[in-house]
Structure formats: C-alpha cells, structure tokens
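In: A structural model of the following input is requested.
(3 chains)
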Amino acid sequence: MDLGEERRPAPNLAARLEQLERRVQELEDERAIYELMASYGPAVDSDSRAEAAQLWVSDGVYDVDVGEWRGQAEIAAMLGGDYHQSSLAAGCSHQVSVSKLTVDGDTAVATGYMQLIVCSGETFELRRQTVQRWELVRTAAGWRIAHRTGRLIDGGPAARRLLARALDA
Amino acid sequence: MDLGEERRPAPNLAARLEQLERRVQELEDERAIYELMASYGPAVDSDSRAEAAQLWVSDGVYDVDVGEWRGQAEIAAMLGGDYHQSSLAAGCSHQVSVSKLTVDGDTAVATGYMQLIVCSGETFELRRQTVQRWELVRTAAGWRIAHRTGRLIDGGPAARRLLARALDA
Amino acid sequence: MDLGEERRPAPNLAARLEQLERRVQELEDERAIYELMASYGPAVDSDSRAEAAQLWVSDGVYDVDVGEWRGQAEIAAMLGGDYHQSSLAAGCSHQVSVSKLTVDGDTAVATGYMQLIVCSGETFELRRQTVQRWELVRTAAGWRIAHRTGRLIDGGPAARRLLARALDA
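Out: Residues are numbered from 1 along each chain as shown, chains lettered A, B, ... in the order given. Down below sits the predicted model:
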C-alpha cells in the first residue's frame, strides 16, 4: 500500500465521479422512459397518428388482445381506423399508470396498466382496462418501444401472466 | 497539446462535476414538479383550500372549461363553492395522471390528465376527465403553478388542442 | 483567506462530490419507493400472494377500512380470501396513483390514491377508491412497507384526515 496514493484524492474522486455518472445516467434513462409512456395518451387522444407511431422503432410491434400491428405504418393506420376514431369523436383518454420499470443497459421493460375512458354524455365510461408491457430499446434518437403488449383485464389468464412476468425482473 | 495538462485531473473532474450537478438539478426539478402535481389532490380532497391555492403563485391562474379563477383568493373561494363542496360531501378524489414534463430553466410545462371520481352510494362515478396543462415557474419557495388549464374531454377540439401542444415541447 | 487553498480544487471537489452523492441517493430512494408502489398492483392482480406480502416488512401492517392484517402471513391469507379471489376471477386491477412522497433518512411516507377496478361484462366498474398512506422503511433488502393505511373515499372524515396529514410533511 502506497500511503502517498492515499493522499492524492484524484483517482478516488475520479472513480466516485464515474460511478455517480452511471447512477445519474440510469435515473435519466428511467425519466426518459416515463416521458415516453406519458406521451402515448397525448399523441393518440389528439389524433396525432404519426407522433404516436414514432414512439415505436420503425419495425416495432403493438400486440393487443384485439389485434396486432407491426411497424409504424400499421400502428398509424390502426389509429385512423373506426374503433379509435369513434372513441376520439366521443372524447377519449388513454391513461397510463405508474409502472414497474427495469432498465438493463440499452433495453428496458415497464409493466403497468392503461385505462381507456370514453365520454358518454353526462358521465364517463371506463371502456377498457388493460395490462401494458413495454419492451423498450435505446436508439440514437432516445428510448423507443420495440414491442408493446396489451391484454384486457377480464379474469382470463393473459393479463395475469403479463403481470406475473413483471415480478421476475 | 500539453501532456502535463492531461495528468492534472482537476480541470477535467471539475468540468464533469459541474455538468453532473446540472443534470442532478434537472432531475430534482422534475421530481419537485411531480411532487407539486401530486399535492393537488390531497389538498382539495381534504378541503385544505389555502394549501391548494398556495400551489399557485400569488397571481396564478386556473383556467377550466367551467370557469376561470385568477389569484389565490379566487381559487380558494372556488374550492369553498357549491360544486366542490358537494363533491367533498359525497366523497371525491382528483387524481392527476403520469404527465409529459419539460423543464426549461426556471419554467416548465407538464401535460397529462385528471380524473374526478365521486362516491355515489355503492359504487364510484367518473364524473369528469380533463386534460391538464400546468405552466410552472421556479420561485424562491420552490416550483409553483403560474397558469393551469383544464379542459373536459368530451370530443370537442379544446382538449385535443391542449394535448397536441404537449407534443411540440 | 488562503488564496493557495483556492487553487487546490480537491477539497472543494470532494465536498461537492459528497453532496452530489447524497442528492443522487435521495433521487434513487424516491425511485425505489415508486417502484415498490408500482409493484403492488402487478403482485395482487396476478394472484402472487407471497410476492405481494413481501412488499411489507415481516411484521408490517395493512390497515384498511374493511379490516386490518398484521404480518406477511395475514396479508397473504387476506389475498387468498373470498373478496380478493372473487375480484380476481372477474378480472381486477389495483391502480396506485402518482403520490406525494417525502423521504427522511431511513424512513419515508407516501400519500396518494388507489382505484380498484373490476370487470363487469362489457364494461368496467370502479368498485373502490381509497386514500393510501404508505409508511416505509429502508431495510437491507431495500425499501419495504412498515405500515400502510387505506381508507375509502366516501365523504367521511377518515380519508380526508389521511390526505390532510400528507400536507404537513
């Protein structure tokens, strides 16, 4: 042991600084992913189909109990379709919940819920509640969705299985 | 290039530390703003009118589809009015969603949703769903609301426009 | 004042680094607590009783308006009971809201809302809305719930009191 080394703070400081930079990077990644998830509702509920589709990577997948859309063009087309357009005409929100989130380098998985609420005259109807599993990747333009799975919470096993997978991570 | 410079870690470390301090400050700002948004429900749903009004700056504005209140006194008075007091008597919650949030120095904008849920005997009624745009400012006492806009999601253009603005930021 | 001191960055850098480490630690604590709260729904809604119970410390308490359960075994047993199992069979979600959160060293308090939504055929019913107060402790295995209180928002004073307590912190 070189006691002289001990008196030089630089190497120690440099190592601590590097560690702290990694910790801050992870906090920033988590924030960026939350920001991505918080962008989905504003995009689809303002009928901003291109912006919504661009939350995915170009060949990203949106796999829902009612259908599967592969790539940004299919996702945008689905948002232009009857189901979503009639929800929009009535007045709808897609509200993503606080989610369990694990970042692992350049990929991440988040699991939570989404409510689809549709205006029905004097009151508002909770039309769908789903489990959402977001599989994310870091790209040059920031975090994007690679594969997102949504399953209706209707007592069947699909939603439960998605939730249980979140506990393993 | 001065190789000697390279061996002196201080300038480099100092610059990295300064950069990291700015990044941590931004994460803390975002957390503080989330905390502010998470305080609105507990304040109004416990009938803590002064605490609720103080989430705004003294001349802050709360602009909702059903009315506009300017300054803390008007906001507190609105919370003492019939509409909110009858919701409170029945049992209500104002639940702010995960929101899209951009901090820019001493100002910030957050956009998300709010649900107003009111107890109606055996079940609970989703009485209002709104888009919420929070325009925030840093004050000596922390982040406060300068201007907040709420629009009912009823199929009309007002809510959609607020949501679309969040995608530009 | 020793001008020579001024030129030596190390002590200054070391102090700033230490301060920054404490700030990052607090941000990480807040993230970890959000992660814990975001785990409750996925655990109980996938019928993962042991995982759900382990969100509490071994002698942790879950004190709800409809009953009180002390320790992980009682909490797990409650989740195996008729009320929760019939919600699960129908299809349910327990959605924890954005919450007000204060960390103080090795303890923390979070206050927010929870919705219990149950599938009822074609639509979904908001069966319960509660205030949730989470009293948390740092353990060797991470943050855990020491005492959690849930009160139905039905116009009575219990829920309001829990919310008001969150404003003091």
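
In: how big is the angle separating the lengthiest helix in chain A from helix C:9-45?
Out: Identified as the longest helix of chain A according to DSSP state H is helix A:9-45. In terms of direction (axes from the mean of the first three to the mean of the last three CA atoms, to 10 degrees), helix A:9-45 departs from helix C:9-45 by 40 degrees.

In: tell me which residues in helix A:9-45 are buried?
Out: By 16 or more other CB atoms under 10 Å in any protein chain shown, the buried positions in helix A:9-45 come out as A:9-10, A:13, A:16-17, A:20-21, A:23-24, A:27-31, A:33-45. Placement of C-beta: from N, CA and C, glycine included.

In: With stretch A:50-60 instead?
Out: A:51-57, A:60.

In: Specify the beta-bridge partners of residue A:129.
Out: Beta bridges link residue A:129 to residue A:115, judged by DSSP bridges.

In: Check the buried residues of helix A:9-45 one by one and keep those near chain B.
Out: A:10, A:13, A:17, A:20-21, A:24, A:27-28, A:31, A:34-35, A:37-39, A:41-43, A:45 (CB under 8 Å from any CB of the partner chain).

In: which residue sits closest to the residue nearest the centre of chain A, ignoring its sequence neighbours?
Out: In chain A, the residue lying closest to the centroid (CA atoms, centre = their mean) is residue A:37, at 4.0 Å. Take residue A:37 and drop its neighbours on the chain: the residue closest to it by CB to CB, 6 or more residues apart in numbering or on different chains is residue A:96, 5.0 Å away.

In: what's the answer for residue A:92, then?
Out: residue A:118 (4.8 Å).

In: Show me the shaky parts of chain A.
Out: Under the criterion pLDDT under 70, the flagged ranges of chain A are A:1-11, A:169.

In: And the strands in it?
Out: Applying DSSP state E to chain A gives strands spanning A:56-64, A:67-70, A:92-96, A:100-104, A:107-120, A:123-139, A:142-152.

In: what residues does chain A put near chain C?
Out: Within chain A, the positions near chain C by CB under 8 Å from any CB are A:9-10, A:13, A:16-17, A:20, A:23-24, A:27, A:30, A:97-101, A:111-113, A:115, A:125-129, A:131, A:152-156, A:159-161, A:163-164, A:166-167.

In: From the residues you listed, list the buried ones, please.
Out: Buried members of the residues of chain A next to chain C, counted by 16+ other CB under 10 Å: A:9-10, A:13, A:16-17, A:20, A:23-24, A:27, A:30, A:97-101, A:111-113, A:115, A:125-129, A:131, A:152-154, A:159-160, A:163-164, A:166-167.

In: wait, residue A:31 sits on residue B:27?
Out: Yes. Taking CB atoms under 8 Å as the definition, residue A:31 is a contact partner of residue B:27 at 6.6 Å.

In: I'd like the strands of chain A written out as a markdown table, with distance to residue C:70 added.
Out: Below are these laid out as a markdown table (distance: least, CB to CB, whole Å):
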| stretch | distance to residue C:70 |
| --- | --- |
| strand A:56-64 | 41 |
| strand A:67-70 | 46 |
| strand A:92-96 | 34 |
| strand A:100-104 | 26 |
| strand A:107-120 | 29 |
| strand A:123-139 | 30 |
| strand A:142-152 | 34 |
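
In: Quick one: closest of those strands to residue C:71.
Out: Closest to residue C:71 of the strands of chain A is strand A:100-104 (CB to CB; 24.3 Å).

In: can you give me the angle that closest one makes with strand A:123-139?
Out: Here strand A:100-104 runs at an angle of 10 degrees relative to strand A:123-139 (the same axes, to 10 degrees).

In: Tell me which other helices or strands strand A:100-104 touches.
Out: helix A:9-45, strand A:107-120, helix C:9-45 (3 or more CB pairs under 8 Å, 6 or more residues apart in numbering or on different chains; DSSP states H and E).

In: Which neighbours in the sheet does that strand have, and how are they oriented?
Out: Next to strand A:100-104 in the sheet, as set by DSSP bridges, lie strand A:107-120 (antiparallel).

In: Check the offset of the strand it pairs with from the chain's centre.
Out: 9 Å (CA atoms, centre = their mean, to the nearest Å).

In: What are the buried residues along it?
Out: A:108-119.

In: which parts of chain A sit against chain B?
Out: Residues of chain A lying close to chain B by CB under 8 Å from any CB are A:10-11, A:13-14, A:17, A:20-21, A:24, A:27-28, A:31, A:34-35, A:37-39, A:41-43, A:45-48, A:51, A:88-93, A:95-98, A:117, A:119, A:123-126.
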